[in-house]
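Asks: I would like the atomic coordinates for the input below:
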Amino acid sequence: MKDIVLEKQDLTYLSWTRTRNFSGTAGSFLKAYSELGGEKIYYKLSNYDTMRGVIGHECVNELIVDRLLTILGVEHLHYQLLHADILVSEQQQEVFLCASRDFKKSGESKIALDVYYDREHMEGEKPLDFCIRNGWADYVYTMFAVDYLILNRDRHGANIEVLRDSQKRTIRLAPLFDHGLSLLFSCLTEEAIAGYDVMEDRLTNTWLGSRSTPDNLKLIPMGQFPKLKRLLPEHKDVLMQGLDDVVSQNLRDKIWDMIWKRWCVYEAICDQR
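Replies: Below you'll find the predicted structure:
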């Protein structure tokens, strides 16, 4: 399956619902789903403003991070970037949106990790300690590394999901998903892109750990840093393939600058540990 479909699709039949914006940014995020041929497909838009329509590029971020995690060998939800006409509030718009499949296996149910923690944690047990006790340390440390590399600002407790199968008595954390509010998501102008400091530590909405992605790296114990596959300079072309007519060259270059510089810092930290 191609991860970008540039030929415009007619998705005006989709019904969009608003979801809570945890990030504190203006606007909201709209989601929809369809069930064609027995398969459920989920769709989401970039940041939506009732006056200006779709104004962000979070869906492009999802694709770039999807490709990055494939390179790094990290299990994650795959996204497809679609060029489409949609209908929101009786207004037709031409947009790029994301499509993804259900990551639940047959028989599994899902629950947000923060809700599961509220039900199951021991008295005085912090969320990180709860995850470690449940055998999810490697998952969490990998998530900390990924969120540092992409400066993910929205890893709230519902952006990590617990999948349970009561018949098989299995429980696992869902593959990493929802990375739209990362990279340069707040840069909507060329001036903002040019002035953006890709290494600046910015406050994040993080349920596990701290509100600083570099500080979260410090929570990873000695000898337990995730062994990610190596990122190389030539991977820039892989990450940005097909995006020439979707977002600007300056944005693509700056996003790569962020990922590469942060990767170099991460590699240095791993070498020291």
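Asks: which strand residues bridge T206?
Replies: With DSSP bridges as the criterion, T206 is bridged to R155.
Asks: let's number from 401 now, not from 1
Replies: In the new numbering, first residue 401, that becomes T606.
Asks: tell me which element F585 falls in.
Replies: Here F585 is covered by no helix or strand, with elements defined by DSSP states H and E.
Asks: please look at it and V460 and confirm they touch.
Replies: No - at 9.3 Å, F585 does not count as touching V460 under the criterion of CB atoms under 8 Å. From N, CA and C alone the C-beta is placed, and that goes for glycine too.
Asks: okay, the two: which has more neighbours?
Replies: A direct count of neighbours by other CB atoms under 10 Å for F585 and V460 places V460 higher, at 26 against 23.
Asks: mind checking pLDDT for the nearest residue in space to that one that is not next to it in sequence?
Replies: Excluding the flanking residues, the one nearest V460 by CB to CB, 6 or more residues apart in numbering is V647, at 5.4 Å. We have a pLDDT of 97 for V647.
Asks: measure V647 to C664 for me?
Replies: Distance from V647 to C664, counting by CB to CB, to the nearest Å: 24 Å.
Asks: so where do the helices sit in this structure?
Replies: In the chain, the helices defined using DSSP state H lie at 458-472, 513-520, 527-533, 537-550, 590-594, 613-617, 635-640, 649-672.
Asks: for this structure, name the helix or strand with the lowest mean pLDDT.
Replies: strand 417-419 (a mean of 74; mean pLDDT, DSSP states H and E).
Asks: grab the nearest non-local neighbour of H478.
Replies: Nearest one to H478, counting by CB to CB, 6+ apart, is D466 at 5.6 Å.
Asks: surely that neighbour is in contact with Y479?
Replies: Yes - at 4.9 Å, D466 counts as touching Y479 under the criterion of CB under 8 Å.
Asks: of those two, which one has the most company?
Replies: A direct count of neighbours by other CB under 10 Å for D466 and Y479 places Y479 higher, at 27 against 22.
Asks: what about the more buried one, distance to V465?
Replies: From Y479 across to V465, the span is 8 Å (CB to CB).
Asks: with K618 instead?
Replies: To V465, K618 is 23 Å away according to CB to CB.
Asks: tell me which of those two has more neighbours.
Replies: Ranked by neighbour count (other CB under 10 Å), K618 and V465 place V465 first, with 27 against 12.
Asks: quick one: low-confidence ranges for the stretch 551-673 of the chain?
Replies: Applying pLDDT under 70 to the stretch 551-673 of the chain flags no residue at all.
Asks: contacting residues around the nearest residue to Y539 once chain neighbours are set aside?
Replies: Ranked by CB to CB, 6+ apart and with sequence neighbours excluded, the top spatial neighbour of Y539 is L573, at 5.2 Å. Counting by CB atoms under 8 Å, 6 or more residues apart in numbering, L573 makes contact with L513, W536, Y539, I560, E561, V562, L563.
Asks: make TSV out of those and add distance to G623.
Replies: Shown next, in TSV, are those (distance: CB to CB, whole Å):
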residue	distance to G623
L513	25
W536	18
Y539	17
I560	24
E561	28
V562	27
L563	29
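Asks: K402: which of the helices of the chain is closest?
Replies: K402 sits nearest to helix 458-472 of all those, at 11.1 Å, using CB to CB.
Asks: I'd like the average pLDDT over that closest one.
Replies: For helix 458-472, the mean per-residue pLDDT is 98.
Asks: need the per-residue pLDDT for the most far-flung residue of the chain relative to its centre.
Replies: Using CA atoms, centre = their mean, the residue of the chain lying farthest from its centre is E523. It sits 31.1 Å away. In this prediction, E523 carries a pLDDT score of 97.
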